[in-house]
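A.B. asks: Sequence unavailable; structure follows:
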């Protein structure tokens, strides 16, 4: 995958397949600490501890009929290539959090890509799901919340 927006799309699609009704995407750009953090949290069905431990294995998947699960493995690889790491935490029946870190200045860090187009596609294709997306850079925070949009348009 060429940019992080495509990784976001892939991971959020996993969340939706897991029955998530709320997905939170947080991108934190910390140039002082030289870290870019991508955190995606959902309220889907979650994973067992065994599945969570194998989540970034490219030969493990919970999708029926599939033999590989490349999404998390590719994100883990992108994070490692940029001096970072991938962590997955999950509780069955509660949800999952995927957290990838990248060294901000690393020459192999993937570009962010078109985050707004990715979010637009996710929202348009999944109108019943609540999406929260936040991009933080220093003191600047840009936040999009579909619940707030619905409240403003329903009055």
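C.D. replies: Done, it's in. None of the values given here were measured: they were computed from a predicted structure.

A.B. asks: which stretch of helix or strand covers the residue nearest to the spatial centre of the chain?
C.D. replies: Taking C-alpha atoms, centre = their mean, the centroid of the chain lies closest to residue 40, which sits 3.7 Å from it. Using DSSP states H and E, residue 40 sits in strand 35-42.

A.B. asks: in that strand, what counts as buried?
C.D. replies: Buried residues in strand 35-42, defined by neighbour count with 16 or more other C-beta atoms under 10 Å: 35, 36, 37, 38, 39, 40, 41, 42. For every residue, glycine as well, the C-beta is placed using N, CA and C.

A.B. asks: Check stretch 14-31 too.
C.D. replies: For stretch 14-31, burial by neighbour count (16+ other C-beta under 10 Å) applies to 14, 15, 16, 18, 20, 22, 23, 24, 25, 26, 27, 28.

A.B. asks: Please report the distance of the second one from residue 71.
C.D. replies: Right, residue 15. Shown here: residue 15 relative to residue 71, a distance of 11 Å by C-beta to C-beta, to the nearest Å.

A.B. asks: Show the average pLDDT along the strand or helix carrying residue 122.
C.D. replies: For residue 122, the host element (DSSP H and E) is helix 115-125. Averaging pLDDT along helix 115-125 gives 96.

A.B. asks: helices or strands up against it?
C.D. replies: helix 4-17, strand 22-30, strand 130-137 (3 or more C-beta pairs under 8 Å, 6 or more residues apart in numbering; DSSP states H and E).
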